[in-house]
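# Structure for the following, please:
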Amino acid sequence: MQWRVPLADVEMTDADIDAIAATYRSGWLSMGPRIADFEAAFAEYVGADHAIAVSSGTAGLHLQGLAAGLGPGDEVIVPSMTFVATVNAIRYTGATPVFADIVSPAEPWLSAAAADRALTPRTRAIAYVSYGGHAGTLGEIAELAAGRGLLLLHDAAHAVGARLGGRPLGGVGTAAAYSFFSNKNLALGEGGMVVTGDEALAARVRLLRSHGMTAVSWDRARGHASGYDVVELGFNHRLDEPRAALGLERLRRLDADTARRAALVARYRAALDGVVECCLPPARGSEPAHHLFTILVAHGADREAVRARIAEQRVQTSVHYPPAHRFAIYADSPAELPVTDEYASRTITLPLFAHMTEEQQDLVVSAVADAVGAPSAVA
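Okay, here's the model as predicted:
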């Protein structure tokens, strides 16, 4: 089907293409000067001391957990309302994910009270997810982690450009991992970034992302090393130069894109008032990245039938997310998460991207109103 309004869309400018082409013409495609420049610019943008570019957001989650020292015998509190990579990355380290419930169907981020109840003597960390690009309960979770002497590992995949109290979200906690997947606000196709204020943790992430080698090709090309040792069992989790060049270019206009997303979300809320229940209210003193915009169908409504009726108007929707504790791989989890289950059964994600037009948004609003049998606020 050719969507009239896709769920997400990437706009590539001439400047983007020129930056990528210049990288290919340079002849240096693996980790090199553009990686270093992108890391420095991103660290400055999110207010972190260290930023380490990696091959994906999942790689970032994996490496930050390993570098923080997670391992067998450790437990990590994590929401189920997240992409499964958040949970899998905990398992990669040998640690055990322990699911905790969300606040409410309108506020689908980790509940500090539920996280507190899930703590045991084996709890080593809390994995927080800035769902939809919102700070949510991050402040409360940070206080809980600090008060209990726990690591706070942040899945900031949705949150590039988000702030809380004027501070970028990536500066909160032990470390944060961002995603640059093709549907994200800073879209590179693939890629990610780990940010932290901990110098030792940053050094270990750098080591682990490239096979545990003490020097990489760019070091040797610049004459900074003539050989290398391998001191840990590392991975190939490196980003490449063309994506770093694209990241540098797109980072320059990220604030403008975020502002446009905010305007579209405000317009959605006004148009859908009285039509459906809108979710993701901004936390006090926060500036969301507005990665997702989600709504709830009425109690007892057939959510998939509503989505099918919206699709008849060639408007794409999605569900973020099937809850992780319901996947077969985590079927042995004893977690009972009634609020997560309710949200998962009622939520619909509507289209949202920075260059979305008001005409496209009006089509979405009309399609939603028709699907739920409510009058549309669009003239």
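# so where do the strands sit in the protein?
50-54, 75-79, 96-100, 123-129, 151-155, 163-164, 167-168, 175-179, 192-196, 277-278, 286-287, 293-296, 347-350 (DSSP state E).
# Compare the ones you listed and give me the one nearest residue 44.
Comparing these against residue 44 with Cβ to Cβ, the closest turns out to be strand 50-54 (8.6 Å). C-beta: built from backbone N, CA, C; applies to glycine.
# what about that closest one, distance to the chain center?
15 Å (Cα atoms, centre = their mean, to the nearest Å).
# what angle sits between that strand and strand 175-179?
For strand 50-54 against strand 175-179, the angle by axes from the mean of the first three to the mean of the last three Cα atoms, to 10 degrees is 40 degrees.
# by contact count, what packs against strand 50-54?
helix 33-46, helix 57-67, strand 192-196, helix 199-209 (3 or more Cβ pairs under 8 Å, 6 or more residues apart in numbering; DSSP states H and E).
# lowest-confidence stretch among the strands of the chain?
Sorting the strands of the chain by mean pLDDT places strand 167-168 lowest, at a mean of 92.
# Which neighbours in the sheet does that one have, and how are they oriented?
strand 163-164 (antiparallel) (DSSP bridges).
# Residue 360: which of the helices and strands packed on strand 50-54 is closest?
helix 57-67 (27.1 Å).
# Now do the closest one and strand 123-129, the angle between them.
160 degrees.
# before we move on, back to that, ok, which of the helices and strands packed on strand 50-54 comes nearest residue 319?
helix 57-67 (19.4 Å).
# then that closest one to CSV, C-alphas only?
Only the C-alpha atoms of helix 57-67 are listed here, as CSV (Å, rounded to 0.1, in the frame of the first residue of the first chain):
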residue,chain,number,x,y,z
GLY,A,57,21.3,1.8,20.0
THR,A,58,21.3,-1.8,21.0
ALA,A,59,25.1,-2.0,20.9
GLY,A,60,25.1,1.1,23.2
LEU,A,61,22.7,-0.6,25.7
HIS,A,62,24.9,-3.7,25.7
LEU,A,63,28.2,-1.8,26.1
GLN,A,64,27.0,0.5,28.8
GLY,A,65,25.8,-2.4,30.9
LEU,A,66,29.0,-4.3,30.4
ALA,A,67,31.1,-1.3,31.1
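# tell me the average confidence for that helix?
Rounded mean pLDDT across helix 57-67 is 98.
# Between strand 151-155 and that helix, find me the angle.
Using the same axes, to 10 degrees, helix 57-67 lies at 170 degrees relative to strand 151-155.
# Can you spell out which helices and strands pack onto helix 57-67?
strand 50-54, helix 85-92, strand 151-155, strand 175-179, strand 192-196, helix 199-209.
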